[in-house]
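Undergrad: Okay, predicted coordinates and the sequence, questions at the end:
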Protein chains: 2
Amino acid sequence: MADKAKSAKITDVANLAGVSVATVSRIINGVAKKASPDTVRKVKAAIAELNYQPSGVGRALRRNKSHLIAMVIPDANNAFYAAVATSVESALRQKGYSMILCNSDEDADTQDLYLAEMRSLLVSGVALLGAVPSPELEKMVNSGFPVVFINRKAPKGLTAPFVGIDNYAAGVCVAEQFINQGYTDCAAIHGPLHSPAQQARFQGYVDRLSEEGIQLKPEWVREAKLTIESGYSAASSMLTGGDKHFPRAIFCGNDPIAYGSYRRCQDLGLQIPKDVALFGFDDNPLNQWLAPWLSTIHAPYESFGAAVVSAFERTWGNESGAQEMETILPFSVTQRSSV
Amino acid sequence: MADKAKSAKITDVANLAGVSVATVSRIINGVAKKASPDTVRKVKAAIAELNYQPSGVGRALRRNKSHLIAMVIPDANNAFYAAVATSVESALRQKGYSMILCNSDEDADTQDLYLAEMRSLLVSGVALLGAVPSPELEKMVNSGFPVVFINRKAPKGLTAPFVGIDNYAAGVCVAEQFINQGYTDCAAIHGPLHSPAQQARFQGYVDRLSEEGIQLKPEWVREAKLTIESGYSAASSMLTGGDKHFPRAIFCGNDPIAYGSYRRCQDLGLQIPKDVALFGFDDNPLNQWLAPWLSTIHAPYESFGAAVVSAFERTWGNESGAQEMETILPFSVTQRSSV
DNA sequence: CTGAAAGCGCTTACAG
DNA sequence: CTGAAAGCGCTTACAG
């Protein structure tokens, strides 16, 4: 037997309990001026009997906000993003918020579509893991809407809270790994430079290398998308030139790029790290199982959640609109066999 | 300069255009009785000027439904689930729906929390990829709420649309791979049997094997969670017994279990497939890059999206409540080196 | 072709 | 301690 399709509303509860909807509402929300124990009992009973669940939509419309937080990520297939999202989700849930995930696919229009959608749903905030510059995004942060940027800072010109590692320092760190091993034929396959994270990683790498007198040949610098496929083809074009002189150490803008590069090397019969060394970024949680050879910068994804929650709380507590607030999390170096 | 924090509402548009809100609403929604071209022009201009975006909440409350679809998945870190979600998302978006993702974490309470949340948000439907039996789920499908099950059929007793492969046949197929190679020392590490998918895969495997006179020793059957870690420890307990007699061919309930088993074999110095053969399920899109050795059943995740959309459309078009409707997608065998 | 009005399910001053 | 009433932003018969 199917239940009635319509679910109970607050008036049903009020009728059944023999009180007004105002009273029911107050009891549900635990409002200060306490109701009489007897009333409370009746109302709770009615709620239980009807299996009443307040309408999020009615509530949101009235309160002008929901307890939803939207998280937009560029690529659900990247396990690092998934891991960060998981961390944020559980931190949020502990505070009574629910997280809903949207996929921007690294595309400005898609991101805007979801941003508009989420705002119209009255979410209490949006977290962007890997934001891409877009008109709606700009509008949101300028209007003081609570948005926090994760991993990738806000596009230039926008000022908003950020949670992530010091990407520049991490880039420096990769350079030092190569320097310590005596590599001088260094290369880089970075991600899109509209990403401040990619920008900073790459810059740190270049700067530190040049302190050592090492200049990157232009043919040894490639931009790729942040995917395995793209890493593969970028590596191809770099390793496959006519001459036999190829780079011996490659900075990869993230782990998937490193996976692709690795495969390309294998396909070319190049050995890692004997012929070429590879260094990744983020330390995708899959690495320990499926890429136990990859040396990479480890970002502490388990601790992103708490940091994001505090960032939101600061924003909510602060009516003064735009504000900058950076939470820089420590990274570490995961040394495996690819260097 | 920050924009005004408050966004425009339909009354603002109506005032600016000098018409009633009813007219604005009709124009936005393209209602039949067409407005005069002049009115339309004025309204569109006002909308553009104010950058008006209808409130999803106001609209949902009034219409008693939104254009949101919720998708719940058990584990965002499983790339197969992510790939299916991506496919569903883009199919949905083409129909004008937005998908929001929730993570049940393979846990009934968490699933219920999100289910209730989503229903209270007035989503137009919920798709569950890997549903776990739970009270709220039961309530939803019994009340005729549009839910479609992906990959894992509805828990027993519930009747609802399903999109996925024929898991039993796939299990049979794995058995045949082993049989053809002459394996007789066969084992299985399946996932939780509350999952009809795991149940069917395992059953197909067992049945086909026993047709061949091959019985699975009880010690060679293990239940694991659908994760790499769990696969690793299940394999441990199976391969690590005192005697030297271990299985030569292991059915793994999904790819992550196979990854874990593979690693365990490596750690034990066992060669794949010389010492033990492994067969996975789903064909995680990462396989070709990071596990190019894994033979597995390929589920056509790219085509799940369209099938899910039609399943919803059938449900919406049909007021008669509960209905069963299966869309069985073809699977194939991906032969790599682990068998 | 267009507007006034009711109502979707809630919350919250305001009275009492 | 509790209720009547207004209103959140929309849509949709109902009149005209």
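TA: Happy to help now that I have it.
Undergrad: Against DNA strand D, how distant is residue A:72?
TA: 22 Å (Cβ to the nearest atom of the strand, to the nearest Å). The way it works is simple: take the backbone N, C-alpha and C, and place the C-beta from them, glycine included.
Undergrad: how about that residue, secondary structure?
TA: Judged by DSSP: H, G, I helix; E, B strand; the rest coil, the three-state class of residue A:72 is strand.
Undergrad: Look up the closest residue to it, ignoring the ones flanking it.
TA: The shortest distance from residue A:72 to any non-neighbouring residue, by Cβ to Cβ, 6 or more residues apart in numbering or on different chains, is to residue A:102 (4.7 Å).
Undergrad: so that neighbour sits in a strand?
TA: Yes. Under three-state DSSP, residue A:102 falls within a strand.
Undergrad: Go ahead and flag the most central residue of chain A.
TA: residue A:129 (2.5 Å; Cα atoms, centre = their mean).
Undergrad: ok now do that residue, which residues does it touch?
TA: A:71, A:72, A:73, A:74, A:81, A:84, A:85, A:88, A:150, A:151, A:152 (Cβ atoms under 8 Å, 6 or more residues apart in numbering or on different chains).
Undergrad: and residue A:328, what is it in contact with?
TA: Applying Cβ under 8 Å, 6+ apart, the residues near residue A:328 are A:164, A:165, A:166.
Undergrad: Is the first one in contact with residue A:154, as I believe?
TA: No. Between residue A:164 and residue A:154 there is no contact, the gap being 11.2 Å when judged by Cβ atoms under 8 Å.
Undergrad: Check the burial of the residue nearest to residue A:104 when sequence neighbours are not counted by counting its neighbours.
TA: Excluding its sequence neighbours, the residue lying closest to residue A:104 (Cβ to Cβ, 6+ apart) is residue A:111, at 3.8 Å. Neighbour count of residue A:111, defined by other Cβ atoms under 10 Å in any protein chain shown: 25.
Undergrad: again, but for the one 3 residues further on
TA: Counted with other Cβ under 10 Å, residues neighbouring residue A:114 total 24.
Undergrad: where exactly do the helices run in the stretch 1-150 of chain A?
TA: A:10-17, A:21-28, A:37-50, A:56-63, A:79-94, A:108-120, A:135-142 (DSSP state H, counting those that start in this stretch).
Undergrad: Indicate which one of those is closest to residue A:283.
TA: Evaluated with Cβ to Cβ, the helices of the stretch 1-150 of chain A place helix A:79-94 nearest to residue A:283, the distance being 7.5 Å.
Undergrad: May I see the buried residues of the closest one?
TA: Under the neighbour-count criterion of 16 or more other Cβ atoms under 10 Å in any protein chain shown, helix A:79-94 has A:79-93 buried.
Undergrad: And for stretch A:230-247?
TA: A:230, A:231, A:232, A:233, A:234, A:235, A:236, A:238, A:239, A:246, A:247.
Undergrad: Wasn't the fifth one part of a helix?
TA: It stands for residue A:234. Yes. Residue A:234: assigned to a helix according to three-state DSSP.
Undergrad: wouldn't it be in contact with residue A:261 here?
TA: Yes. With contact defined as Cβ under 8 Å, residue A:234 and residue A:261 form a contacting pair (7.4 Å).
Undergrad: Touching both of those two, which residues are there?
TA: residue A:189.
Undergrad: Is the residue nearest to the centre of chain A bridged to anything, and to what?
TA: residue A:150 (DSSP bridges).
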